[in-house]
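>>> What shape does this take:
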Amino acid sequence: MSDSDMIKEDIGFTEAGKFEETRFEKIHNVIFESSQEASLLVAQEIANLIQRKNELNEPCVLGLATGSSPIKVYEELVRKHKEEGLSFANVVTFNLDEYYPMDKNDIQSYYHFMHEHLFNHVNILSENINIPDGQVSAEELQQYCIDYEMKIKSYGGLDFQLLGIGRTGHIGFNEPGSHVNSGTRSITLDHLTRVDAASSFLGIDNVPRKAITMGIGTVRNAKRIVLLGWGISKAGIIRDTIEGEVSSQVPATYLQEHNNTTFVLDTEASSELTRVKTPWLVKSCVWTDELKLKAVAWLSELTKKPFLKLTDKDYNDNGMSSLLTEEGTAYDLNIKMFNKMQQTITGWPGGKPNADDTYRPERSTPEKKRIIIFSPHPDDDVISMGGTFDRLVEQGHEVHIAYQTSGNIAVSNEEALKFAEISKALNLNSSVSDEIIDFLQNRTGNEIDSPEVRKLKGLIRRSESFGATRYIGLPDSNVNFLDLPFYETGTVKKNNLSDADIEIMCDIIERIKPHQIYAAGDLADPHGTHKVCLDSLFEALKRLKHKSFMDECWVWLYRGAWHEWESYQIDMAVPMSPDQVLKKRHAIFYHQSQKDGVMFQGDDSREFWVRVEDRNRLTAEKYHNLGLADYSAIEAFKRYHF
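Predicted coordinates:
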């Protein structure tokens, strides 16, 4: 029975402590294709609990989390209230944490977050909402935390605790070093936690250094715990939590000792679990072609041997004897996998004219293809596939760039001020320049940019984009700025994807009728824009797939500056010479506002051009270590079938 089926059959996870264990896993977990599907079912469990408690005339005491992970859960609870009559009149909530100090009216406060996403839209009584007060005085803080803890106990503890997980392994703000019996208290935030929050605060310098949090002991006393884990950036810490030893250095591992906990994961967050990453070490496998390549590539990396040097003993010693039984000998299997990887390599990403394309990743016809490169921000094109972009233009294809968002929020105030002052010095619309300069010099806290400032920042990104595309040789007429509406909020938090966004995507695809589409398949960017942009493409493809021109359209996904495709996932590998690596670097340099001190680079302090060159070099090294040709760099793509 699949994980999805198990939940659908038993919403409420009443068998959470009883599951098919592997020798690696120590916490019950279920895996879904998408966080959307998982969120709906978690919301259903919460709704069922609320209704049962209501029938018993008892309060339903919920521990609630903030951050991006539970947003879809809250959206579904709101929908159930509005459309199905789910009442929150008997619900009492206690939030996990709050930054300290923090004004509750600040848009970055968890008080604001909870009211925006849940409380303002349901019939919960205001006196039943409990969120740590980020404005309590330092003198009163200790007693305040004791009182918060005692109030939870006065209700008999939490009936249900919803959690996310940070990359330090924190739950709530219980950072590494937190004690298993800790209660509600103030805490100093780990640097990595502050880095992860930096995008919401428009820079790490604006992120508070302290917080108030429920303790590990408080959380573990909940009768039921569900932890949500979404995205590849959480995969490592999810593995360490579920499979590692209990340790204060990974506070979430304390949940191993709770007998009614379930981790609800999407496929990317689960990707490092042993049963997902190397299932042949756990159970008998159905050896699909993709799994065979994944296993042999893993074995090659483990043994530090190229494909063609792997032996029967290597396979048998590492839990892969069943694969040899199916394939015959290591010799035959090695050649098959070597050829499969070899055939992903091409210097002709648009297809090689007048060539046999039987074993090439792309078609040879038509010789000159119409191509759209979708770029979530105005620099992802050159950062993620600058070499391939250059190759496509050089080889004579009709290439169109579509920048999906303005990227204005990633331009610093200092950069915008510089351009406004230049505009004023040139007497270009000086009244607007004065207005912008006054706003930037006198803004306070996390005030939302004015429309004029947003426009200026967007124009800065546009001009940089034209610099890069002209350098590569693309006509200005082939550069499209879509400015998808979901992005244009002036804050890190974006609107939900709308029909207006999808129609804009449909319009450009219908107008160009492409033979190839390239799009960002990297969902690990720190502020989620890549995922929304990819979703907009997928929705557009669904709407257009019946069109005759779509029969000739192939979609290739590249990854951004944070992660690369695993070798077994790559369907097309485009090698770059040292000269092309240098040309790609220069194209990235045209995005000057993003070069020094970029606002949203995650926990990697390297500049984008450095990290992407390292990534492309490491991809080439992986190919070489598998026994394939030795290139300076490789850009990788995975084909998406729609």
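
>>> the longest strand in this protein is where?
Criterion DSSP state E: the longest strand present in the chain is strand 633-640.

>>> what does that one contact?
Identification of contacts with strand 633-640 by CB atoms under 8 Å, 6 or more residues apart in numbering yields 345, 349, 361, 384-388, 518-519, 521, 554-559, 564-565, 569-576, 580-581, 613, 616-617, 619-620, 623. From N, CA and C alone the C-beta is placed, and that goes for glycine too.

>>> how far out from the middle of the chain is it?
Its chain's C-alpha centre and that of strand 633-640 lie 18 Å apart, by CA atoms, centre = their mean, to the nearest Å.

>>> Same question for stretch 242-249.
With CA atoms, centre = their mean, you get 24 Å for stretch 242-249.

>>> Mind exporting the C-alpha coordinates of that stretch to PDB?
Extracted in PDB, the C-alpha atoms of stretch 242-249 (Å, rounded to 0.1, in the frame of the first residue of the first chain):
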ATOM      1  CA  ILE A 242      14.700  10.100  10.800                       C
ATOM      2  CA  GLU A 243      17.800   7.900  10.500                       C
ATOM      3  CA  GLY A 244      20.300   9.400  12.900                       C
ATOM      4  CA  GLU A 245      20.900   9.000  16.600                       C
ATOM      5  CA  VAL A 246      19.100  11.200  19.100                       C
ATOM      6  CA  SER A 247      21.200  14.200  19.700                       C
ATOM      7  CA  SER A 248      20.800  17.700  21.000                       C
ATOM      8  CA  GLN A 249      22.800  18.900  18.000                       C
END
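
>>> Now that stretch: buried residues?
Residues of stretch 242-249 classed as buried by neighbour count (16 or more other CB atoms under 10 Å): 242-244, 248.

>>> Pretty sure residue 103 sits against residue 134.
Yes - counting by CB atoms under 8 Å, residue 103 touches residue 134, with 7.0 Å between them.

>>> Now do the SS call for residue 575.
For residue 575, the assignment made with DSSP: H, G, I helix; E, B strand; the rest coil gives strand.

>>> pLDDT score assigned to it?
Turning to residue 575, the model gives it a pLDDT of 98.

>>> Check residue 493 too.
73.

>>> Please identify which helix or strand holds it.
Assigned by DSSP states H and E, residue 493 falls within no helix or strand.

>>> now it: how far from residue 289?
Distance, residue 493 to residue 289, by CB to CB, to the nearest Å: 42 Å.

>>> between the two, which one's more packed in?
Remark: of residue 493 and residue 289, residue 493 carries more neighbours, 16 against 10, as counted by other CB atoms under 10 Å.

>>> Return the distance of that one relative to residue 234.
For residue 493, the distance to residue 234 - CB to CB - is 20 Å.

>>> what's the answer for residue 551, then?
Distance, residue 551 to residue 234, by CB to CB: 38 Å.

>>> Among the contacts of strand 633-640, which are located in strands?
Using DSSP E, the members of the contacts of strand 633-640 that fall in strands are 518-519, 554-558, 572-576.

>>> OK, contacts around residue 162?
Neighbouring residues of residue 162 by CB under 8 Å, 6+ apart: 42, 46, 62-65, 70, 73, 226, 228.

>>> Equivalent analysis for residue 539, please.
By CB under 8 Å, 6+ apart, the contact set of residue 539 is 497, 502, 505.

>>> By neighbour count, which of the residues you listed wins?
In terms of neighbours by other CB under 10 Å, the contacts of residue 539 top out with residue 505 at 25 neighbours.

>>> and that residue, backbone torsions?
With angles defined as degrees, to the nearest 10, residue 505 sits at phi -60, psi -40.

>>> Let me know whether it touches residue 536 as I believe.
Yes - under the criterion of CB under 8 Å, residue 505 makes contact with residue 536 at 5.1 Å.

>>> Please identify every residue contacting each of these two.
Going by CB under 8 Å, 6+ apart, residues that sit against residue 505 and also against residue 536 are 404, 484.

>>> Give the residue spans of the chain that score low on pLDDT.
The model of the chain has pLDDT under 70 over residues 1-21, 428-429, 445-446, 492, 523-527, 560-562, 596-605.

>>> residue with max distance from the center of it?
What lies farthest from the middle of the chain is residue 427; by CA atoms, centre = their mean that is 43.4 Å.

>>> Distance check, that residue against residue 433.
From residue 427 over to residue 433 the distance is 9 Å, taken as CB to CB.

>>> can you check residue 491 too?
Applying CB to CB to residue 491 and residue 433 gives a distance of 24 Å.

>>> In terms of neighbours, single out the busier of these two.
Set side by side, residue 491 and residue 433 show more neighbours around residue 433, with 21 against 13, by other CB under 10 Å.

>>> who touches that one in this structure?
Residue 433 makes contact with 420-421, 423-424, according to CB under 8 Å, 6+ apart.

>>> Save those residues as TSV, and put in neighbour count too.
Listed next are the contacts of residue 433 as TSV, based on neighbours: other CB atoms under 10 Å:
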residue	neighbour count
420	23
421	14
423	18
424	17
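
>>> among the residues you listed, which are in strands?
Per DSSP E, strands hold no members of the contacts of residue 433.

>>> still on that earlier bit, same list (the ones in strands among the contacts of strand 633-640) but as JSON lines, adding distance to residue 308 and neighbour count.
Formatted as JSON lines, the ones in strands among the contacts of strand 633-640 follow (distance: CB to CB, whole Å; neighbours: other CB atoms under 10 Å):
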{"residue": "518", "distance to residue 308": "32", "neighbour count": "27"}
{"residue": "519", "distance to residue 308": "34", "neighbour count": "26"}
{"residue": "554", "distance to residue 308": "30", "neighbour count": "21"}
{"residue": "555", "distance to residue 308": "32", "neighbour count": "22"}
{"residue": "556", "distance to residue 308": "28", "neighbour count": "24"}
{"residue": "557", "distance to residue 308": "29", "neighbour count": "20"}
{"residue": "558", "distance to residue 308": "29", "neighbour count": "27"}
{"residue": "572", "distance to residue 308": "22", "neighbour count": "23"}
{"residue": "573", "distance to residue 308": "18", "neighbour count": "25"}
{"residue": "574", "distance to residue 308": "23", "neighbour count": "27"}
{"residue": "575", "distance to residue 308": "20", "neighbour count": "21"}
{"residue": "576", "distance to residue 308": "25", "neighbour count": "25"}
